Structure formats: structure tokens, C-alpha cells
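[1] Sequence and predicted structure, then a few things I'm wondering about:
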Amino acid sequence: MPEITLEIVPAVVIPTHLTGEVQSKLAYVDQGIAKAVVSADGLHITLHLHQQPNSAERSRLEEKVQRVVTSLARGAIQPKVQVLEDFMDRPVRYHQDPNDVLLARGEMSQEAQGIFTLGPLVTRLIEFFENQFLGLAASFNAAPYRFPTLIPARYLERVNYFRAFPHSLSFATHLREDLDVIDDFAQHAACDHEHLLGALNTSAESFAPIQTLLSPAVCYHLYFSLADKPLPGGQLVATAVGNCFRYESFNLRSLERLWNFTMREIIFVGSKDFVLQNRELARQEMAQRLEKIGLAYRVESANDPFFIGEFRKQAAFQSAFQLKYEIRASLPFKNATLAVGSYNYHQDFFGRNLNISLPDGSGAPAGAPVHTGCVAFGLERMAYAFLAQFGPEPANWPAVVRDWIKTSAAPQNPGGA
């Protein structure tokens, strides 16, 4: 069957620094698009489609694509990228995509798009990185927290998440409390290759109103727990690991980009100086840990993946005030990089929107909103970048990684001799 493509000339030439951003956002233009490619010169867009569009569908596709392009690219000014660390010249031992090897060996199993089961090799590697991040957290005496996977919709609305990141939301609901609805589902629900079928498929009324979503980040839960009161002691360092969910349509691929991923965060809450000083200390200590591992990476200024309506304004704001830096690890097999962690400063955004204030005696005006920041690491991405540089054979891994895994995997004797 011949491939179905649609060529579009963008109304505005897409600047080089925005080709990746535009390409990723085209995933949300229409469910009929299987893939989108923006040419390196920004002069052409190729849409790969699931089926041949008629003339009306073609016009709608072109109109929506042009909306994305003009919103992101018209009048865009390339921000100055600040590089804090650059160790991209560190030697790497592997130049293939580890994904296919891991799948063939059963070390990964794909359940659905963006959803993978991980076997012992990748799990051990993730445990190693988790141990590194726990060591970083311990250096700050970070208090341990556990947060739920679900997050109330009213909380996300309070911090404007629906406006900034509507494209990545994952909703959670359930059958409404109605015996007829539940019985009908039990009798008729079925699945095709991907989708749930049955009476529910055409009846949104069968579902209860949406109260919760799958959490897109770890630190939000801490901020919500502190809302509407003074911060005890005037400062707080916390750490937690949790499942995060960000839907990215056809951008979801291998461990590089998952719908359901795991993130370890160390979170700072307090005055501006407290947050910024600790963010910098965390970066410096993490640099030492990554040096021992031998990971090839750089740390550079970046922005969050805001949706098209907010991207220009918010990305420029983050860049101007140096609010976000990413750890971008080398992926040698495709001469690219992958963000595996970040150092973030939110200013007083959460303090203001959630009414978290500084108490008397905190060194700042009493009642002023707190500042917040976090360092965050994607565990699956860290493992994937490591495997892309050192390969899937533990014998070829750096000694610090091999030795830790060997020691941690040794049988334990909790009962003593």
C-alpha cells in the first residue's frame, strides 16, 4: 500500500531553532496524522497520513498546520542559549540505538504506544541512577515524601496548567454510579487492537464528571500540600519519586519519550536566595556524580513544552530569567541529545497562586510568597541515554556502575550468620 503524504509550504519560514518545536506540536494538529517532518531549512512540511484526505479534509489540515506555524514562528527571535557545562567530548563506546536490542532480548516489552515494561537489566540500571539521586537528596537532608499518581483537577486549574499544557493531559474517570450503566458495560465492553468498544464508546454520559487527572509532575503535590498557609520554618527541602504522565501522540517512542515515566525530584521551597543557592549546589554536586559515571552531556538553558498559545510568551520569559536548565545527554547513534534532567526555578509563581507565604523571622518580609525550585531526573531517560553511550553489555559499562550493580544484587542475609 503506497504511503499517503501531504506536502505543505509553511506560510512563515520556520527558523532552525524552532524546527523541532514545530514538528513536535504538529502531533496535535489532527488524529489523521501518523507522522510529521519539518525540513531542516524550515521551508517544507511533510505530513504522513493514515488515509487519503478529501479536498475538505486537506484544506482543514493545511489550515491547522499553518496556525501552528504562524503562532510559533512568526516574528520569532532565537533566544541566547547559555551553556553551564559541556562534556559532550567524553568518549562513548556505543553508536547504535539500544532500543531494538533490548526488545529482542526481552529486556523491554512494549504494551502500547509510550508504555513499556522493563526487564532486569534496565531496572538495575535505573536503580543505580535512583541511588545517585538519593545520595544527592541526602546531601541536602531532604525530607522524604510519597505522592499519589492522581491529582485533583481543581489543583491544576489553580496553577494555570490547563492553559499552559492542555495537549499533554491524561484524564482519569470511572463509570458513574448507575446500575444500568455498569451492567451495560459489563455485558458489552470489548476492545479492538487499541480501543475500548461497546456502548460507552459513544456515550460520554456513562462516565462520571472528571475530578482527577494523572499527575504530570512530582513537585506539584508538595506545593498543593503547603497551600494557603505560612511555610513552617520558612524553608523546606523535600524529595520524592513518582509516576508522571504526559501524552505526546506520535512523538512517543522507546524510552526516549514515554507517556508514563518515572521522575525523581529534589524540591526547594523558601526565599529566593535559598532556592537559587540550593539549585546551584545541586547542579555542582550532580556534575561530580556524572563525571564519575563518564556520561557525555551538557547543561544548557531551555524552556518547558508550552502549547502554541502560550509558547512564545512563556519560553521567552523562562529564557530571559534563566529559569530552566536541562541536562542534555548525547545520543551518539543519531548525533542528537536527550533531556534527562533539569534544574528549575519557578520564582514566586507557586507561592502567589497557592498562597504559600513566608513566616516571621524567615529573613524575608513576613507574608511574602515563597519561591520554589526543583531538580528533576527522568529515570527511564537516564538509563536510555546511558545505554545509548555504553551499550547493553554490562562488561562494557564504567566500573562505578558495574561495581554498584554487582554489590546491590548480592544475596542478603537479614537473619544474620
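    That came in fine, so what should we check first?
[2] as a whole number, average confidence for the one helix or strand V299 maps to?
    Using DSSP states H and E, the secondary-structure element containing V299 is strand 297-301. In this model, strand 297-301 has an average pLDDT of 96.
[3] so how far is that strand from its chain's centroid?
    Strand 297-301 has its C-alpha centroid displaced from the chain centroid by 16 Å (CA atoms, centre = their mean, to the nearest Å).
[4] Can you list the neighbours in contact with it?
    Residues from elsewhere that reach strand 297-301 (CB atoms under 8 Å, 6 or more residues apart in numbering): 79-88, 283, 287, 290, 319, 322, 324-330, 337, 340, 343, 385. In this view, the C-beta of every residue, glycine as well, is placed from N, C-alpha and C.
[5] Can you list the buried residues in stretch 162-173?
    By 16 or more other CB atoms under 10 Å, the buried positions in stretch 162-173 come out as A164, F165, H167, S168, L169.
[6] Out of these, which sit inside helices?
    A164 (DSSP state H).
[7] Quick one: the buried residues of stretch 162-173 as a markdown table, columns for distance to L47 and pLDDT too.
    Output for the buried residues of stretch 162-173, formatted as a markdown table (distance: CB to CB, whole Å; pLDDT from 0 to 100):
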| residue | distance to L47 | pLDDT |
| --- | --- | --- |
| A164 | 26 | 87 |
| F165 | 24 | 89 |
| H167 | 17 | 89 |
| S168 | 21 | 92 |
| L169 | 24 | 94 |
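[8] nearest to F274, of the buried residues of stretch 162-173?
    A164 (25.6 Å; CB to CB).
[9] Quick check: the gap between E256 and K334.
    Separation of E256 from K334 (CB to CB, to the nearest Å): 10 Å.
[10] same thing with R246?
    22 Å.
[11] Kindly report the same for A11.
    In terms of CB to CB, A11 sits 30 Å off from K334.
[12] pretty sure F129 contacts E380?
    No. Look at F129 against E380 with CB atoms under 8 Å: they stay out of range, at 9.6 Å.
[13] pLDDT-wise, which helix or strand of the chain ranks last?
    helix 308-320 (a mean of 55; mean pLDDT, DSSP states H and E).
[14] What residues sit buried inside the following helix or strand past that one?
    On the C-terminal side of helix 308-320, the nearest following helix or strand under DSSP H and E is strand 324-331. For strand 324-331, a neighbour-count test (16+ other CB under 10 Å) marks K324, Y325, E326, I327, R328, A329, S330, L331 as buried.
[15] How about stretch 395-407?
    Per 16+ other CB under 10 Å, stretch 395-407 contains these buried residues: W397, V401, I405.
[16] How about stretch 239-256?
    239-242, 244-252, 254-256.
[17] now stretch 21-32
    E21, V22, Q23, S24, K25, L26, A27, Y28, V29, D30, G32.
[18] Make JSON lines from those residues and add pLDDT to it.
    What follows is these, written out as JSON lines (pLDDT from 0 to 100):
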{"residue": "E21", "pLDDT": "88"}
{"residue": "V22", "pLDDT": "91"}
{"residue": "Q23", "pLDDT": "91"}
{"residue": "S24", "pLDDT": "90"}
{"residue": "K25", "pLDDT": "91"}
{"residue": "L26", "pLDDT": "92"}
{"residue": "A27", "pLDDT": "91"}
{"residue": "Y28", "pLDDT": "91"}
{"residue": "V29", "pLDDT": "92"}
{"residue": "D30", "pLDDT": "93"}
{"residue": "G32", "pLDDT": "92"}
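[19] Which single one of those residues is nearest to A112?
    For the buried residues of stretch 21-32, the nearest to A112 is A27 (16.2 Å; CB to CB).
[20] residues in contact with that closest one?
    Going by CB under 8 Å, 6+ apart, the list of residues near A27 reads I33, A36, E248, S249, F250, N251.
[21] out of those residues, who's nearest Q187?
    Set against Q187, the nearest of the contacts of A27 by CB to CB is S249 (32.5 Å).
[22] Could you check how far the residue nearest to the closest one when sequence neighbours are not counted is from K35?
    Nearest residue to S249, sequence neighbours excluded (CB to CB, 6 or more residues apart in numbering): A27, at 3.7 Å. Using CB to CB, A27 is found at 9 Å from K35.
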